[in-house]
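Q: give me a 3D structure for the following:
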Amino acid sequence: MQQNRTFYEALKWSLILMALLGGMLLDGCDRRQQSASPPVPEVATVTIQPEQLVLKTELPGRTCPHLVAEIRPQVNGIIQKRLFTEGSDVKVGQVLYQIDPAPFQAALDSAKAALAKSEAGLTVTRLKFDRYRGLLAEKAVSQQDYDDKEAALKQAEADIEYCKAAVETARINLAYTRVTGPISGRIGKSNVTDGALVTAYQALALATIQQLDPIYVDVPQSTNELLRLRRRLADGRFNQNGTNQKKVKLLLADGAAYPQEGALQFRDVTVDPATGSVILRIVVPNPEGLLLPGMFVRAVIEEGVAEQAILVPQQGVSRTPKGDPFVLVVSNAGTVEQRMLGLGRAIGDKWLVSSGLSAGELVIVEGTLNVRPGSTVKAVSLISNSPKACVEVTNAKRQPVESN
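A: Numbering: from 1, shown residues only. You can find the predicted model right below:
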């Protein structure tokens, strides 16, 4: 009996131990099954929606005067007096320099005297010719004598015209001793002083007058940008407003906005072979004289309006080893898909997309490192992109090349 009791005790404890070991094994299997089925990853997405986008380009340029006149003497002489203040505004016709007029006044008086002498000789010659004409009718003089008197009369009349021209030349030269301003504007420093000897049409200008109101701004534009803009217009991606296209805003060298708005006057038709660019000329009012010739400015020029522009956050754009841009999107089935993109310019913290995306798609912007194409994800909205009108100004030097 004692042996049977010991046997049953051992069997009982053996069964209990086996039950405990079986429970532990089942618990371990459940845990392995749970670890083998990870949770679906969450990704932050934005919904792509078209926006109205006004595209503007910021281009560097320099100011240049509207009119420029270099003052040079037209006669030889000595400068008697400078009659303007350097750096002041002068009017058209204002006397700037006075050249010694004495020799020119003498030349005018001499020409007038020669004219009076010729006119007196003409009277005598004409009387003789009239007398010989009457005598020729009566056969009292020969035909040769008559012809000689007629030739003398014509020569005297020609002398009169020559003397008149000499008088006019002397009068013009005398007027040239008063050097006047051909345009209104601001005059610079004088390159000569009182008492200086000047010659007609000399290489050195006496002074320079520049008209500053209005003033020109010459802006170089890359031919690549010009061709890209024309391609966008031809594709119908952009449209242009003729009135707005003429309006240009300026930014000064310190970044401040210029208060006056300029107007695009023309685009040059010749490409500079050294820079590969064309010149845009802008006319800007300058009533206060704030803009000076040679000043560096930046012109903000409107290129066009994209009515259905697609923008994608830059943080959601990745690139292949070859540098081709792409994004990951969440399909309607909740799986990840890869989309190759055609990118335009950078607009703030976004890219302007020319191809590869359409409205309503969900683009992954956060969590792209944890997913791959074909995997199932849970999309969580990060930003709600509501359609709105926006304006973007870009720097042409930093614009990326379109991928398409």
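
Q: what pairs with Gln52 across the strands?
A: The residues listed as beta-bridge partners of Gln52 by DSSP bridges are Ala389.

Q: now for it, how many residues are close by?
A: Using other Cβ atoms under 10 Å as the criterion, Gln52 is surrounded by 14 other residues. C-beta: built from backbone N, CA, C; applies to glycine.

Q: that one and Asp159: what is the separation?
A: Look at Gln52 and Asp159: by Cβ to Cβ, to the nearest Å, they are 82 Å apart.

Q: go on, Asp218?
A: 56 Å.

Q: who has more neighbours out of the two?
A: Each of Asp218 and Asp159 has its neighbours counted (other Cβ under 10 Å); Asp159 has more, 18 against 14.

Q: which strands and helices sit next to the helix or strand harbouring that one?
A: Asp159 belongs to helix 143-176 when assigned by DSSP states H and E. Applying 3 or more Cβ pairs under 8 Å, 6 or more residues apart in numbering; DSSP states H and E, we find helix 143-176 packed against helix 102-137.

Q: quick check: angle from the helix it packs on to helix 143-176?
A: Interaxial angle of helix 102-137 relative to helix 143-176 (axes from the mean of the first three to the mean of the last three Cα atoms, to 10 degrees): 160 degrees.

Q: just the mean pLDDT for helix 102-137, thanks.
A: Averaging pLDDT along helix 102-137 yields 84.

Q: any chance you could map the helices in this protein?
A: Listed in chain order, the helices of the chain (DSSP state H) span residues 2-35, 102-137, 143-176, 223-235, 242-245.

Q: just the CA atoms of stretch 170-178, as CSV, please.
A: Extracted as CSV, the C-alpha positions of stretch 170-178 are listed here (Å, rounded to 0.1, in the frame of the first residue of the first chain):
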residue,chain,number,x,y,z
ALA,A,170,30.3,133.8,-89.1
ARG,A,171,27.0,134.3,-87.2
ILE,A,172,26.7,130.6,-86.5
ASN,A,173,30.3,130.4,-85.2
LEU,A,174,29.7,133.4,-83.0
ALA,A,175,26.6,131.7,-81.5
TYR,A,176,28.7,128.6,-80.9
THR,A,177,30.8,130.6,-78.5
ARG,A,178,27.9,130.3,-76.1
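
Q: pull out the buried residues from it.
A: Applying a neighbour-count criterion of 16 or more other Cβ atoms under 10 Å, the buried positions in stretch 170-178 are Ala170, Arg171, Asn173, Leu174, Tyr176, Thr177.

Q: how about stretch 124-142?
A: Of the residues in stretch 124-142, those buried (16+ other Cβ under 10 Å) are Thr125, Phe129, Tyr132, Leu136, Val141.

Q: export those residues as CSV, with columns for distance to Asp349.
A: Below are the buried residues of stretch 124-142 laid out as CSV (distance: Cβ to Cβ, whole Å):
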residue, distance to Asp349
Thr125, 97
Phe129, 99
Tyr132, 105
Leu136, 107
Val141, 109
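
Q: tell me the one of the residues you listed nearest Ile347?
A: Proximity of the buried residues of stretch 124-142 to Ile347 (Cβ to Cβ) peaks at Thr125, which lies at 90.0 Å.

Q: any idea how far the closest one lies from Thr180?
A: Here the distance between Thr125 and Thr180 works out to 42 Å (Cβ to Cβ).

Q: and for Val198, the neighbour number?
A: Counted with other Cβ under 10 Å, the neighbours of Val198 add up to 20.

Q: look up how far Ile364 lies from it.
A: When distance is defined by Cβ to Cβ, Val198 is 78 Å away from Ile364.

Q: for Val92, same thing?
A: From Val92 over to Ile364 (counting by Cβ to Cβ), the distance is 69 Å.

Q: and if you look at Ala175?
A: Remark: distance between Ala175 and Ile364 (Cβ to Cβ) = 82 Å.

Q: what's Gln314 in contact with, if anything?
A: For Gln314, the contact set (Cβ atoms under 8 Å, 6 or more residues apart in numbering) comprises Ala346, Asp349, Lys350, Trp351.

Q: ok, now Gly262?
A: Shown in contact with Gly262 (Cβ under 8 Å, 6+ apart): Val217, Lys247, Val248, Lys249, Leu250, Ile282, Val283, Val284, Pro285, Ala299.

Q: tell me the confidence at the closest residue to the fourth one other than its chain neighbours?
A: Nearest in space to Lys249, with sequence neighbours left out and distances taken as Cβ to Cβ, 6 or more residues apart in numbering, is Val300 at 4.4 Å. Per-residue pLDDT puts Val300 at 86.

Q: repeat that for Cys29.
A: Among the per-residue scores, Cys29 shows a pLDDT of 52.

Q: Arg230 too?
A: The predicted local distance difference test score for Arg230 is 66.

Q: and stretch 281-288, end to end?
A: Across stretch 281-288, the straight-line distance between its terminal residues is 21 Å, by Cα to Cα, to the nearest Å.

Q: pull out the buried positions in that stretch.
A: By neighbour count on 16+ other Cβ under 10 Å, the buried set for stretch 281-288 is Arg281, Ile282, Val283, Val284, Asn286.

Q: over to stretch 345-358?
A: Along stretch 345-358, the positions that meet the burial threshold by neighbour count (16+ other Cβ under 10 Å) are Arg345, Ala346, Ile347, Lys350, Trp351, Leu352, Val353, Ser354, Gly356, Leu357.

Q: how about low-confidence regions in the chain?
A: Low-confidence regions of the chain, defined by pLDDT under 70, span residues 1-38, 228-245, 304, 383-404.

Q: could you chop it up by domain?
A: According to the domain assignment given by automatic domain parsing, the chain is divided into the following structural domains: 47-64+212-398, 73-99+177-204, 101-175.

Q: columns distance to Pro41 on top of these, output as TSV?
A: Below are the domains of the chain laid out as TSV (distance: least, Cβ to Cβ, whole Å):
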stretch	distance to Pro41
domain 47-64+212-398	5
domain 73-99+177-204	70
domain 101-175	92
